[in-house]
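> make a model of this:
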Amino acid sequence: MKQLGNLAIVCATKKDVLLQIHNGVVSVHYGAGPTRETATAKWDDDVAIRKIVKELNFGKETEHRKESEAA
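Predicted structure coming up:
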């Protein structure tokens, strides 16, 4: 099962996240302002997409969200 669907669901539930798919490349832009980050992977690279999902759920993006909610 391809992980692209899981990534789309995760992105849809997050604020300040943009998911783009163009020419077979997935790009996820998350965060805001100078701390905005981008993660990319080929559309069928399940390992890389799983890493992006993990980052969105448990990584720096979680810290970005906590900081913006506190402000």
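
> tell me where the longest helix sits in this structure.
Of all the segments of type helix in the chain, defined by DSSP state H, the longest one is helix 46-58.

> in that helix, which residues are buried?
Within helix 46-58, the residues scored as buried using 16 or more other CB atoms under 10 Å are D46, I49, I52, V53, E55, L56. In this view, the C-beta of every residue, glycine as well, is placed from N, C-alpha and C.

> counting by contacts, list what that helix packs against.
Helices and strands touching helix 46-58, by 3 or more CB pairs under 8 Å, 6 or more residues apart in numbering; DSSP states H and E, are helix 4-12, strand 25-30, strand 37-42.

> the same query, at a cut-off of 6 Å, please.
With contacts taken as 3 or more CB pairs under 6 Å, 6 or more residues apart in numbering; DSSP states H and E, helix 46-58 sits against helix 4-12, strand 37-42.

> skipping adjacent residues, who's closest to G24 in space?
Nearest non-adjacent residue to G24, counting by CB to CB, 6 or more residues apart in numbering: W43, 5.1 Å away.
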